[in-house]
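Trainee: okay, sequence plus prediction incoming.
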Amino acid sequence: MATIRCFEDIKSWQRSRELVREIYAISKTGKFAQDFSLRDQIRRAAVSILSNIAEGYERGGKKEFIQFLYVAKGSCAETRSQLYVALDQEYLSPEQFDSLSELCKTVSKLLAGMIEYLKKTSFEGMKFKSETVVAEHDVHEEYSE
């Protein structure tokens, strides 16, 4: 388990940032770059993953964080679904698809692990605790890869 002091410490945020980098790189080349609708939609979906992780964390409450993690998980599934469209249109090679799809699955598993951990913990979030109590209670990320 890792201690989380800011959203950038969250493993699922880090991996989703990697996913966004790869989605942007692959979607700015060839025929993919010319399919403005799909290109923009898959980029928005991928960006939504890390944005919702960050926003949920910064809200300061466990229930809100969990809600935003579920939204991020949904955006991860949307991104993966759109990868199938890109594959079917031959914008991606099967190898590119497999790599990106596996990264989506990894992010989704990390998010699921974080959600399950948060559901079990008694810590309700930073906005419900005094500064002294927050400093003594580290939020941890539990996940499986």
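Mentor: Received it, and whenever you're ready, just let me know what you need. Note that this is a predicted model, so its numbers are computed, not measured.
Trainee: can you map out the helices along the protein?
Mentor: Under the criterion DSSP state H, helices of the chain are mapped to 11-27, 30-34, 36-59, 62-88, 94-120, 131-136.
Trainee: which one of the ones you listed has the lowest average pLDDT?
Mentor: Of all the helices of the chain, the minimum mean pLDDT falls on helix 131-136 (a mean of 41).
Trainee: just give the nearest non-adjacent residue to the residue most central in space within the chain, would you?
Mentor: In the chain, the centroid-proximal residue (Cα atoms, centre = their mean) is residue 49; its distance is 3.8 Å. The shortest distance from residue 49 to any non-neighbouring residue, by Cβ to Cβ, 6 or more residues apart in numbering, is to residue 16 (4.2 Å). In this view, the C-beta of every residue, glycine as well, is placed from N, C-alpha and C.
Trainee: now swap in residue 96 and tell me
Mentor: Leaving out its chain neighbours, the residue that sits closest to residue 96 by Cβ to Cβ, 6+ apart is residue 26, at 6.2 Å.
Trainee: number of residues surrounding residue 94?
Mentor: A count of nearby residues for residue 94, using other Cβ atoms under 10 Å, gives 8.
Trainee: go on, residue 76?
Mentor: Residues within reach of residue 76, counting by other Cβ under 10 Å, total 28.
Trainee: how many neighbours does the nearest residue to it once chain neighbours are set aside have?
Mentor: Nearest in space to residue 76, with sequence neighbours left out and distances taken as Cβ to Cβ, 6+ apart, is residue 108 at 4.7 Å. For residue 108, the neighbour count with other Cβ under 10 Å is 22.
Trainee: wait, isn't residue 108 in contact with residue 74?
Mentor: No: using Cβ atoms under 8 Å, residue 108 is not in contact with residue 74; the gap is 9.7 Å.
Trainee: any idea of the pLDDT on residue 144?
Mentor: Per-residue confidence at residue 144 stands at 40 (pLDDT).
Trainee: that older thread, if I look at the residue nearest to residue 76, how far off is residue 41?
Mentor: Distance, residue 108 to residue 41, using Cβ to Cβ, to the nearest Å: 18 Å.
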